[in-house]
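J.: let me see the structure of the following:
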Amino acid sequence: MHKSLPIFLVALAAATAQAAEGPTAMSAQWAEQMCAAWNAEPMLTDKLAESGWIKNDAGRGFKTMQVWRSDCDKSAHVELRIALKDGKAQCVYGGALGTQAFDRGADYQMWAQTARWKEMGAGEYGPMKAMMFKRLEFDGPKFEAMGNMGPFESFLRLVGKVPGDWASCPM
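T.: Residues are numbered from 1 along each chain as shown. A predicted model of the protein is given here:
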């Protein structure tokens, strides 16, 4: 057996495992998949349209949800843009942070340590406990979020459903 074959097989196995996990969690590529997952989740698409949440869009025609992992220094932030489309709160963009200004009255920013994102994604606790115990940091219209706790919890669980490599930080 050739000496480099075992090294090649280990490298191939590692690359295959990472591909199976998905892109780095909370990277631009992961955000694209999160956007598609959002659109397949009726608790988000239907309930956020029914409650009127989607209409508070600062006159831009969309809301943004910016998320990142706080323990990943210098990590890029990603965003989802949510717009009213066909009577539903649809994700129309998932990727790198956009250039529009963050509007505290309409948009959301959420950040937490990797372990906390994984706990929330696994459904170990919901948004109320996460914010009360500072496991999830949050900026945006708090009363609006509190009026939509079911969809908010669904969003946090969706983070755990979208495949991603949580072992490395997004760049």
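
J.: which one is Thr64 nearest to, not counting chain neighbours?
T.: The shortest distance from Thr64 to any non-neighbouring residue, by Cβ to Cβ, 6 or more residues apart in numbering, is to Asp107 (4.4 Å). For the C-beta atoms, the positions are set from N, CA and C on the backbone; glycine is no exception.

J.: do the same with Met43
T.: Met43's closest residue in space is Ser154 (Cβ to Cβ, 6+ apart), at 4.0 Å.

J.: check Gly105 too.
T.: Gly105's closest residue in space is Pro141 (Cβ to Cβ, 6+ apart), at 5.8 Å.

J.: next up, the contacts around that neighbour.
T.: 56, 104-106, 108 (Cβ atoms under 8 Å, 6 or more residues apart in numbering).

J.: ditto for Ser27
T.: 76, 78, 164, 170-171.

J.: quick check: phi and psi at it.
T.: When read as degrees, to the nearest 10, the backbone of Ser27 gives phi -90, psi 170.

J.: all helices of this structure, in order?
T.: Along the chain, the stretches classed as helices by DSSP state H are 4-21, 28-39, 42-45, 47-50, 114-121, 127-132, 142-146, 149-161.

J.: now mean neighbour count, distance to Lys85 and mean pLDDT too, for those, in CSV please.
T.: Formatted as CSV, the helices of the chain follow (neighbours: other Cβ atoms under 10 Å; distance: least, Cβ to Cβ, whole Å; pLDDT from 0 to 100):
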stretch, mean neighbour count, distance to Lys85, mean pLDDT
helix 4-21, 10, 30, 44
helix 28-39, 20, 9, 98
helix 42-45, 19, 9, 98
helix 47-50, 19, 9, 98
helix 114-121, 19, 26, 97
helix 127-132, 17, 25, 91
helix 142-146, 13, 20, 93
helix 149-161, 19, 16, 96
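
J.: quick check, the residue nearest to Thr64 in contact with Asn56.
T.: No: contact status for Asp107 versus Asn56: not in contact, 9.4 Å apart, counting by Cβ atoms under 8 Å.

J.: any common contacting residues for these two?
T.: Lys63.

J.: okay, those two: which has more neighbours?
T.: Under the criterion of other Cβ atoms under 10 Å, the comparison of Asp107 against Asn56 puts Asp107 first, with 24 against 14.

J.: and that one, what pLDDT?
T.: With respect to pLDDT, Asp107 has a value of 97.

J.: how about the contacts made by it?
T.: Applying Cβ under 8 Å, 6+ apart to Asp107 gives the contacts 58, 63-66, 140.

J.: who wins on neighbours among those residues?
T.: Counting neighbours by other Cβ under 10 Å, Lys63 comes out on top of those with 26 neighbours.

J.: that one against Arg81, yeah?
T.: Yes: applying Cβ under 8 Å, one finds Lys63 in contact with Arg81, separated by 7.2 Å.
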